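Student: here you go, sequence then predicted model.
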Amino acid sequence: MALIQSFGRLIGRSRTAERTDSAPRSGTSIVEPVDITENDPLLAYLQTSGGVVDIETLTLDSPGLSVLRERGIKLVVPLINQGELIGLLNLGPRLSEQEYSADDRRLLENLARHVAPAVMVAQLVRQQETEARNRERIEQELRVATLIQQNFLPKEAPSLDGWHLAAHYQPAREVGGDFYDFIGLDDGRLGIGIGDVTDKGVPAALVMASTRSIIRGAAQRLSSPAEVLRRVNDLLCPDIPPNMFATCMYCILDPVSGRLVYSNAGHNLPYLYTTGGAIELRATGMPLGLLPGMSYDDHEVIVKPGESVLFYSDGLVEAHNADHEMFGFPRLQELVAQQGDRKDLIAVVSDALEAFANKAIDQEDDVTLVTLAREMTDGGTLDGGGDLLSEFEVASEPGNERIAIERVETVVVGLLDEARLERLKTAVGEATMNAMEHGNKYQAGVPVVIRVQTTGDELIVAVTDSAGAEPIPEATTPDLDAKLAGLQTPRGWGLFLIENMVDELRTSSDGVRHTIELVFALKEGGDGD
């Protein structure tokens, strides 16, 4: 009995031969190859033996040697090709019960020299066949995953009066689980979702499709983004495959007021473009599908005319160039701060990513972008009615309130008489100083934004800072005795002064910025008397 055992993927084969006095008979059978581990000393010995090895006389502490003896193997001939041990020619006892002769051994060594290259070729062929099957399987899986994603992504962005919405999905070769969606709600509001499922291929695509469907169902019944995410998480947890989860940002937009309510389940923070720069819409929460019973928080912001929001997946910020540098969040934030007012912001971001990567390496992950921009009509007319006279910003540095006063005075000349104009200038100076000092903490890189507009019979000067969630102080009547006694701080005295300079003082906060509106009534003729 003889056994040729390959150390590649080739099945070991044996050949048996029986001889009678009159005629030879032969037959073949399949024999399981002997399992010899890589660290077995028998392999090292066979690699250097250089000829037929007698198993019975070999003395090694080897599990493989013990198995060979148990199987009745008498001789082993190593198959060496280009100095590499690629298999074994194993022989059992001769049917004649005679010992193997020297001629037999020379014949076996000669046979081994011819068999070794053939075994190597067979191994390579088998390996190539296996790799081809694996590639075909992967390609088929990618085709299925791509088809699932394409069928579940919106065909186009919805059209909203006064708004421009756009989306872009750029798949990587190894398709992931990115998704986005626009959900029309019964009250005229719009649900916007973007997410990313871990893993690749068909499993990720199936979880993506399931997550999107659950979000759509919950969005029609629940008016809070946080409640929608909570419901989706509880439904995903029991059935999501192990080691998989989904990040998701879900928002509800009121297109009339510009109010955007949003909640986050572990997704990248979107950027809000304003005239003062790009602001992160901060919200945190556990990704979907990890733990049941998770709660999420609602946050909100007013997207004003001329402002926009960029949502994106991590395939953008985690892209690398040939130097292994990551595109990163700071680069994206700066890009939005400089280009966020462009309707083709998606094209701007895509071009920047392509220039950064310079096609040096394959795209690592899907890239998904969604933009939401509130339009400002031509000619300086605001969407809500009225005329925009000027909009500008000043750095938060002491003394810059004079710049604000001068620029406001330039555009309102003729609308107010001299006395009321002086009162407006005082109010603008005080409001700008408050915004620079208390709102922006005199950070020169965080500007104060000033907008001058008329709406109907009112002149409005809006002064906006970036104080975040810090509450706006109320106007406080100055009390010098209380101040000297340490019972009253001067905080709020500025608002008291402003309130007495204007016809009406309005304050608002969207959780990201504070705005003070200085309002003067305009009478026919424009002099204010």
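Tutor: On my side now, so go ahead.
Student: backbone dihedrals for residue 420, please?
Tutor: Residue 420 has phi and psi values of phi -70, psi -30 when expressed as degrees, to the nearest 10.
Student: am I right that it is in contact with residue 522?
Tutor: No. Residue 420 is beyond contact range of residue 522, at 10.1 Å (criterion: CB atoms under 8 Å). From N, CA and C alone the C-beta is placed, and that goes for glycine too.
Student: quick one, which of the two is more surrounded?
Tutor: residue 420 (20 against 17; other CB atoms under 10 Å).
Student: tell me the pLDDT of that one.
Tutor: For residue 420, the pLDDT comes out at 92.
Student: over to residue 529?
Tutor: Model confidence at residue 529, expressed as pLDDT, equals 45.
Student: which stretches of this protein aren't confidently modelled?
Tutor: Within the chain, the stretches with pLDDT under 70 are 1-33, 138-152, 173-176, 359-364, 377-386, 469-494, 523-529.
Student: report the contact partners of the most centrally placed residue in it.
Tutor: Central residue of the chain (CA atoms, centre = their mean): residue 314, 1.9 Å from the mean position. Contacts for residue 314 (CB atoms under 8 Å, 6 or more residues apart in numbering) come out as 196, 268, 365.
Student: cool, residue 373 as well?
Tutor: Residues counted as contacts of residue 373 (CB under 8 Å, 6+ apart) are 163-165, 307-309, 343, 345.
Student: just the residues you listed: which are in helices?
Tutor: residue 345 (DSSP state H).
Student: could I get the contacts of residue 373 as a markdown table with neighbour count and distance to residue 215?
Tutor: Formatted as a markdown table, the contacts of residue 373 follow (neighbours: other CB atoms under 10 Å; distance: CB to CB, whole Å):
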| residue | neighbour count | distance to residue 215 |
| --- | --- | --- |
| 163 | 19 | 21 |
| 164 | 16 | 23 |
| 165 | 19 | 17 |
| 307 | 20 | 25 |
| 308 | 24 | 23 |
| 309 | 26 | 18 |
| 343 | 13 | 27 |
| 345 | 24 | 24 |
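Student: out of the contacts of residue 373, the closest to residue 111 would be?
Tutor: residue 345 (72.4 Å; CB to CB).
Student: how much space between that closest one and residue 181?
Tutor: 19 Å (CB to CB, to the nearest Å).
Student: ok, residue 247 next?
Tutor: Taking CB to CB as the measure, residue 247 falls 14 Å from residue 181.
Student: in terms of residue numbering, what are the domains of the protein?
Tutor: 2-127, 153-374, 387-521 (automatic domain parsing).
Student: of the ones you listed, which is nearest residue 137?
Tutor: domain 153-374 (10.4 Å).
Student: for residue 250, give its distance to residue 273.
Tutor: Taken as CB to CB, the span from residue 250 to residue 273 is 20 Å.
Student: looking at the two, which is more packed in?
Tutor: Neighbour count, other CB under 10 Å: between residue 250 and residue 273, residue 250 has more, with 28 against 25.
Student: mind giving me the packing neighbours of the host helix or strand of residue 338?
Tutor: Element membership of residue 338 [criterion: DSSP states H and E] is helix 329-339. If contacts are counted by 3 or more CB pairs under 8 Å, 6 or more residues apart in numbering; DSSP states H and E, helix 329-339 sits against strand 271-274, strand 277-280, strand 308-312, helix 314-317, helix 345-357.
Student: what ranges do the helices span in the protein?
Tutor: With DSSP H applied, the chain shows helices at 41-49, 63-70, 102-152, 201-219, 225-236, 314-317, 329-339, 345-357, 401-412, 418-434, 480-484, 493-501, listed in chain order.
Student: out of the ones you listed, deepest packed?
Tutor: Of these, the one with the most neighbours on average (mean count of other CB atoms under 10 Å) is helix 225-236, at a mean of 24.
Student: packing partners of that one?
Tutor: helix 201-219, strand 246-254, strand 259-265.
Student: make a markdown table from the ones you listed and add distance to residue 318 to it.
Tutor: Converted to a markdown table, these look like this (distance: least, CB to CB, whole Å):
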| stretch | distance to residue 318 |
| --- | --- |
| helix 201-219 | 16 |
| strand 246-254 | 13 |
| strand 259-265 | 18 |
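Student: nearest to residue 467, out of those?
Tutor: Using CB to CB, the helices and strands packed on helix 225-236 put strand 259-265 closest to residue 467, at 18.9 Å.
Student: quick one: contacts of that closest one?
Tutor: Under CB under 8 Å, 6+ apart, the answer for strand 259-265 is 195, 224-226, 228-229, 232-233, 246-254, 270, 281, 283-288, 294, 296-303, 309, 372.
Student: buried ones in that strand?
Tutor: Judged by neighbour count using 16 or more other CB atoms under 10 Å, the buried positions of strand 259-265 are 260-265.
Student: just want the angle from it to helix 225-236.
Tutor: In terms of direction (axes from the mean of the first three to the mean of the last three CA atoms, to 10 degrees), strand 259-265 departs from helix 225-236 by 30 degrees.
Student: touching, residue 358 and residue 321? I think so.
Tutor: Yes. Counting by CB under 8 Å, residue 321 is a contact partner of residue 358 at 6.3 Å.
Student: more crowded one of these two?
Tutor: Ranked by neighbour count (other CB under 10 Å), residue 358 and residue 321 place residue 321 first, with 16 against 9.
Student: how about that one, phi and psi?
Tutor: phi -100, psi -170.
Student: hang on, the earlier thing: pull out the buried members of the contacts of strand 259-265.
Tutor: Buried subset of those (neighbour count, 16+ other CB under 10 Å): 195, 224-226, 228-229, 232-233, 246-254, 270, 281, 283, 285-288, 294, 296, 299-303, 309, 372.
Student: so residue 111 makes contact with residue 91?
Tutor: No. Taking contacts as CB under 8 Å, residue 111 lies outside contact range of residue 91: 10.7 Å.
Student: between the two, what contacts are shared?
Tutor: residue 77.
Student: now residue 89. Nearest residue, chain neighbours left out?
Tutor: Distance criterion CB to CB, 6 or more residues apart in numbering; nearest residue to residue 89, sequence neighbours excluded, is residue 77 at 3.9 Å.
Student: tell me if I'm right that that neighbour and residue 100 touch.
Tutor: No. Residue 77 lies out of contact with residue 100 (CB under 8 Å); the separation is 10.8 Å.
Student: please enumerate the shared neighbours of the two.
Tutor: With CB under 8 Å, 6+ apart, residue 77 and residue 100 have common neighbours 52, 91.
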